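Enquirer: Got a predicted structure plus its sequence, pasted below:
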Amino acid sequence: MPIRRDKRDRYVEIEVSTPPEPLWVRCESCGELIFRQKLQENQYVCPRCGAYFFLSAQDRVASLVDGGSFVELPPPQVVEDPLGFSDQVSYKERLGRARAETGLSEAVLAGTANVQGIPVVLAVMDFRFIGGSMGVGVGEILCQAMEHALQEGKPFVLVVSSGGARVQEGVLSLLQMVKVVAAREALARAGIPYIAILTYPSTGGVLASIGSIADLTIAEEGALIGFAGPRVIEQTTGERLPPGFQTAKFALEHGMVDAVVPRAKLREELARALSVLVDER
């Protein structure tokens, strides 16, 4: 809560009202001005050109699970800002801003839910929270979610939307790759299904670890999928990249994902996949 001094030189809390969301949203792809409610009803896909808008973690959960079935798992306690990192602003300030803007404690939201009646443990990453980057907090939440799936015998579903590792946590961020892969291995040994849904963007250390080792990998239409940016790859390899590189279609053609699905059909496809995987156990 912001504070200021009053006339008696005391610090007092002041209420800061959140400005209302605009009623109209402009599509950056085609320039169309869209009524926000219509855009929401269309799952944040432009009705004119079909361009995909970012979905918040909360909106993503609502689009995938049965209404009212999602129950968030209590977020684990972790040490914040373990390196005392600061650039133009401190890392703690960045965390505070991200929490205020997203309503989330970290860049991933995890809980239990039902998908067309099938119980699952669901984790959804949110790119608005420091680029959906994976630090210690995200790693702990993902591990906790997978451990809960293991204990309850429920399939684990992860929606990836991440730029990769969180630079403000240095090597501790990179170590999360090892940790989440170990938790995923425990699911595999127990025969617990794991489905990954790759959205825009699915990149960096998150894709290189937990995002790429699912039993079934579904890409949302329009997803960006790759480890590093095209410019970095071209400069490193000295090669020109093929057309459509790092698109969902390219990933499907080269065997990196099992299906590319439009946003409007993701819930249906997820339910169909879960019904098959659960029946096989």
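Expert: The structure has been received and is ready for your questions. Numbering: from 1, shown residues only.
Enquirer: Give the bridge partners for the residue sitting nearest the centre point of the chain, please.
Expert: The residue lying closest to the centre of the chain (C-alpha atoms, centre = their mean) is Met125, at 1.8 Å. Beta-bridge pairing for Met125 (DSSP bridges): Val108.
Enquirer: Contact partners for it?
Expert: 57, 107-108, 132, 138, 158-162, 206 (C-beta atoms under 8 Å, 6 or more residues apart in numbering). Glycine gets a C-beta too; all of them are placed from N, C-alpha and C.
Enquirer: export these to JSON lines and tack on secondary structure?
Expert: Formatted as JSON lines, those follow (DSSP: H, G, I helix; E, B strand; the rest coil):
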{"residue": "Ala57", "secondary structure": "helix"}
{"residue": "Ala107", "secondary structure": "coil"}
{"residue": "Val108", "secondary structure": "strand"}
{"residue": "Gly132", "secondary structure": "helix"}
{"residue": "Val138", "secondary structure": "helix"}
{"residue": "Leu158", "secondary structure": "strand"}
{"residue": "Val159", "secondary structure": "strand"}
{"residue": "Val160", "secondary structure": "strand"}
{"residue": "Ser161", "secondary structure": "strand"}
{"residue": "Ser162", "secondary structure": "strand"}
{"residue": "Val206", "secondary structure": "helix"}
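Enquirer: Quick check: which ranges of the stretch 1-150 of the chain have low pLDDT?
Expert: 1-20 (pLDDT under 70).
Enquirer: Go again with 50.
Expert: 1-18 (pLDDT under 50).
Enquirer: quick one, strands of it?
Expert: For the stretch 1-150 of the chain, the strands defined by DSSP state E, counting those that start in this stretch cover 3-5, 11-13, 24-26, 33-35, 71-72, 108-115, 118-125.
Enquirer: out of these, nearest to Leu172?
Expert: Of all the strands of the stretch 1-150 of the chain, strand 108-115 sits nearest to Leu172, with 16.4 Å by C-beta to C-beta.
Enquirer: So which residues of the stretch 1-150 of the chain form helices?
Expert: 36-41, 57-64, 91-102, 136-152 (DSSP state H, counting those that start in this stretch).
Enquirer: Walk me through the domains of this structure.
Expert: Following automatic domain parsing, one gets these domains for the chain: 1-53, 55-280.
Enquirer: Need the winner for burial among these.
Expert: Among the domains of the chain, judged by mean count of other C-beta atoms under 10 Å, the one packed with the most neighbours on average is domain 55-280 (a mean of 18).
Enquirer: Centre of the chain to it, how far?
Expert: Distance of domain 55-280 from the chain centroid (C-alpha atoms, centre = their mean, to the nearest Å) equals 5 Å.
Enquirer: Going forward, count from 710.
Expert: Got it, first residue is 710 now, which makes that one domain 764-989.
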